[in-house]
Structure formats: C-alpha cells, structure tokens
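> Using only what follows, build the 3D model:
(chains A and B)
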There are 2 protein chains.
Amino acid sequence: MRPPFDPTLYLVTDTALCLPRPVADVVRAAVAGGVTAVQVRDKLAPRRELLALTRSVQAALADRPDVPVVVNDAVDVALLAGADGVHVGQEDLPADEVRALIGPDRLLGVSVESAADLAEALALPPGTVDVVGLSPVWATPTKPEAGPGLGLDATRELAAAAHAGGLRAVAIGGIDATRAAAAAATGVDGICVVSAVCAAPDPRAAAARLRAALSPVGAR
Amino acid sequence: MRPPFDPTLYLVTDTALCLPRPVADVVRAAVAGGVTAVQVRDKLAPRRELLALTRSVQAALADRPDVPVVVNDAVDVALLAGADGVHVGQEDLPADEVRALIGPDRLLGVSVESAADLAEALALPPGTVDVVGLSPVWATPTKPEAGPGLGLDATRELAAAAHAGGLRAVAIGGIDATRAAAAAATGVDGICVVSAVCAAPDPRAAAARLRAALSPVGAR
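Numbering: from 1, shown residues only, chains lettered A, B, ... in the order given. A predicted model of the protein is given here:
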C-alpha cells in the first residue's frame, strides 16, 4: 500500500535557495501555505548530511501525515529515514531496481524528459512507477543541464500518455505563480516548484499564491 | 557470516586514473598480480553508472570468489549489486545506520582520520564495523581534501588501538611500492592503493611489485 500522495503542489527543495533559512523551516511554512507533497533534493550534500536533512524535514511535518516526504536519488537515505518515497532521474538508479529495494509500500517517481523516457517507464511492470515528473516544462536555472524545456504542447501529450498507461504525471521546471495555471492546464496531476517557493521571502505566501493560481475559484 | 576478506593488498579503484582502460580490466589484471580485495570508488559517477561499474568489476572477478568486492559510500548500489561490503567515509552514512541496512552478512569498512574517529568506531556495538581505513598515511593527490597525512607513528598507534578493540586496520593514502613496506610495518593488516595500481601502465606487474614489497621473503 502506497502512502497518501496528493501531487497538486509538489515542493522540491533546494538547500542553497532556502539559505539562510533551514530547509525544514521553509518546508513547514510552504506546507502551511498549501504545498501537498515534498521532495528532499540536494545533489551536493554527502549522504550523512542528506539523511539529517531528510529527517529534519520529516520532523517539521510530523503533524502532517497527509504530506508525503520523498527523497531524490538517495535510496539508501530514503530507506534509513523511512521516507514515503523516492524520486529518481535518468542518471540515478533504474526504476525497477529502486522498486526492488523499496518494496511495495513507498512511492516511486521518475523524471521523464522525452517520449522515449516515458515509454521506458510505461514498459515496466505495473506498480513499479507511481508518478512521472515531466521535466523541464520550461528551462530552469535550478537545473541548467536539463535543457531548453518541453513546452506546454509536449507536456500535454506526455501527461495524456502517462495517464493512458496508468501513471500520474507532474510538471516541473521553471514553474512560478505566473505560469502555474498554464502548466496545470496541460492536464497534469500537479506541478512541482523549486525556486518559486525556496527562494521566496515568504514561502507560505508563495505557496498560497501558487495554490490560488491552480484553483482560482476555490481560492476566492 | 562475513565474506572472506584478506586485506593484505586492497585496491581502491579510480575510474579516471584507469582510463582509457575499463576499471574492470585494470581490476582483473591487478588481482592476477596479487591484489586481495577490491573497493569500487567513484564519487563522481551517478548511481546508475556506479551500479553498472560495480557489476562490471564483479563480473571480471567471477572466478575469484576469494577476492571481495566492496562499494564505497553507495549502500543502495551495494545492496542491488549484492556486493561483499560497503566502505564509508566520515561524510557518508554513519556506520551503525549502514550496518542496519546491509545486515550481518556483508563487510563494513570505515575511514578513520583521527583518534576521535577511531574512538567513535570502537564505541559501536561489536560486529558493526569490520575494518578501519587509517587515512591518509601520506598526503595523496587522489584525495587532496584528506589533508597532510597521519604519518607512520600515528598510523602505528591507531592500528594498535583498532586491534585492541577487535577491529582490523588498513593503511591508505600515498602508498606505492617504495612505501608499501614502511606502511605495512606499522602493524596494519593490509595496505590500500589507488594510483599505484590504477595509473600503472601494467597493473598486474604493479600489484606484483607491491606484493613483493610487502613480503620480501615470500616473493623470492
């Protein structure tokens, strides 16, 4: 059984962008503002530091069991922290191998940068992958190596193909409050944000603005 | 039950130094020359690449079950590859957490750069750590951040303290054929080499020279 996972507004952390605030403080504020899921990402941190970071985020959300905490890349850290899931990119451990390590009770997300990547995720046994991160919708300074961006049309096509194959899809890359509605309108199940929240002076307000942009009626 | 582990001549791989040769080819030759244990280390490789690298080394040593293959840092990779063990540094996952993940049937090595690091390893429950890597004996270009070097006297003291606490000890850092005998004379159970083998034009001959330097009588 997978943990609850509402990907509507999915925060991916960036330790440097949160500075001087601890990541856990930013996460806590962002969740109060409307973030529904959190992925701890820090490609520069040694594993000992990443484990401590993950636990600090989990502790900050101890009263929010509805908000899953997922670890980027580091399966060993996710296992030790008892995280709700793992998210892997195309250079990280392959999804089927990750699923073998994490068992059936954790979420598994995979970054998809092309139709070929998506086809590979869809070819895996059902239950291997839960969600694909369509990446990047727009070029983004937080992941410059990710390239020029899929654009909205390709994002829409990939989201539809993911849904047809039984996977959920989230959009990531260059999404801020001005672009959130357009990204969501591609039919994805949620949007991921990094700098739009981590670099915001008020992460709670930034998250609330993003939620409002996603659900203009509900937010009124 | 731990796998067999003879640390007499312990090769730590460096992918760049092996170039243009595949790491697995260098390892195979080095084992033919007398290397008794192998640690796959590549701090720059993404985990997918490190997993493939580890499996290539294991495949190259399929006919040498007496030579364990240990993975540096990446516990997830070690688990997926079914490696014989894990080696962690002071910034990697803590030894007690690693032991919890790998269970009782794999080797666990820990880098020790000071008496304080060793005391920490010795304070863990018996059976947590198998071997400490006293590091660096001499300053080494393959790990410049490791500092100026313990020197032979401190290495001797740390090795004795490790033995008194029931741990094995190996020496690492700046060891080549000209220094192997001096490093071994500190009382360690083995010496680790990186560039002395990985950068050698003939890794088999380089390993044989190191073995000869360690056991001058037996090598005659």
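> any low-confidence regions in chain A?
By pLDDT under 70, the low-scoring segments of chain A are A:146, A:216-220.
> Sketch out the strands for it, chain order is fine.
A:9-12, A:37-40, A:69-72, A:85-88, A:107-112, A:131-134, A:168-171, A:190-193 (DSSP state E).
> Of those strands, which is nearest B:Arg47?
Across those, B:Arg47 has its closest neighbour in strand A:85-88 (8.3 Å, Cβ to Cβ). The C-beta positions use only the backbone N, C-alpha and C, and glycine is treated the same way.
> Sheet partners, orientation included, of the closest one?
strand A:69-72 (parallel), strand A:107-112 (parallel) (DSSP bridges).
> Turn those into JSON lines, including mean neighbour count.
Listed next are the strands paired with strand A:85-88 as JSON lines, based on neighbours: other Cβ atoms under 10 Å in any protein chain shown:
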{"stretch": "strand A:69-72", "mean neighbour count": "26"}
{"stretch": "strand A:107-112", "mean neighbour count": "26"}
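> which bits of chain A sit near chain B?
Applying Cβ under 8 Å from any Cβ of the partner chain, we find that chain A lies next to chain B at A:46-49, A:51, A:73-77, A:79-80, A:90-94, A:97, A:100-101.
> Now, of those residues, which are buried?
Buried by 16 or more other Cβ atoms under 10 Å in any protein chain shown: A:46-48, A:51, A:73-77, A:79-80, A:90, A:92-94, A:97, A:101, out of these.
> mind listing what's buried in stretch A:15-33?
For stretch A:15-33, by 16+ other Cβ under 10 Å, it's A:15, A:17-18, A:23-24, A:26-31, A:33.
> which ones are touching A:Arg64?
A:Val31 (Cβ atoms under 8 Å, 6 or more residues apart in numbering or on different chains).
> distance of the nearest residue to A:Cys192 once chain neighbours are set aside from B:His163?
Spatial nearest neighbour of A:Cys192, chain neighbours left out: A:Ile172 (3.7 Å); criterion: Cβ to Cβ, 6 or more residues apart in numbering or on different chains. According to Cβ to Cβ, to the nearest Å, A:Ile172 and B:His163 sit 52 Å apart.
> Which of the two has more residues huddled nearby?
Between A:Ile172 and B:His163, A:Ile172 has the larger neighbour count (other Cβ atoms under 10 Å in any protein chain shown), namely 29 against 14.
> so how far is B:Asp117 from that one?
Taking Cβ to Cβ, one finds A:Ile172 at 40 Å from B:Asp117.
> Same question for A:Arg21.
Distance, A:Arg21 to B:Asp117, using Cβ to Cβ: 31 Å.
> Repeat that for A:Leu152.
Remark: distance between A:Leu152 and B:Asp117 (Cβ to Cβ) = 53 Å.
> Over to A:Thr36?
42 Å.
> cool, A:Leu51 as well?
Taking Cβ to Cβ, one finds A:Leu51 at 18 Å from B:Asp117.
> Would you mark the buried spots in stretch A:127-134?
Those would be A:128-134, for stretch A:127-134 by 16+ other Cβ under 10 Å.
> er, stretch A:104-124 I mean
So for stretch A:104-124, counting by 16+ other Cβ under 10 Å, buried means A:106-113, A:117-118, A:120-122, A:124.
> Would you point out the most distant pair within those residues?
Largest pairwise distance in the buried residues of stretch A:104-124, by Cβ to Cβ, is 23.1 Å, between A:Arg106 and A:Glu113.
> Against chain B, how distant is A:Pro201?
32 Å (Cβ to the nearest Cβ, to the nearest Å).
> what's the burial count for that residue?
Counted with other Cβ under 10 Å, residues neighbouring A:Pro201 total 6.
> before we move on, what about the one 5 residues further on?
Under the neighbour criterion other Cβ under 10 Å, A:Ala206 is assigned a count of 26.
> Quick one: residues contacting it.
Counting by Cβ under 8 Å, 6+ apart, A:Ala206 touches A:30, A:33, A:177, A:196-197, A:200.
> Okay, helices next: where are they in chain A?
With DSSP state H as the criterion, chain A has helices at A:15-18, A:23-33, A:47-60, A:75-81, A:95-102, A:115-122, A:151-164, A:180-184, A:195-198, A:203-214.
> shouldn't A:Ala171 be in contact with A:Thr186?
Yes. In this structure, A:Ala171 is within contact of A:Thr186 by Cβ atoms under 8 Å, at 6.4 Å.
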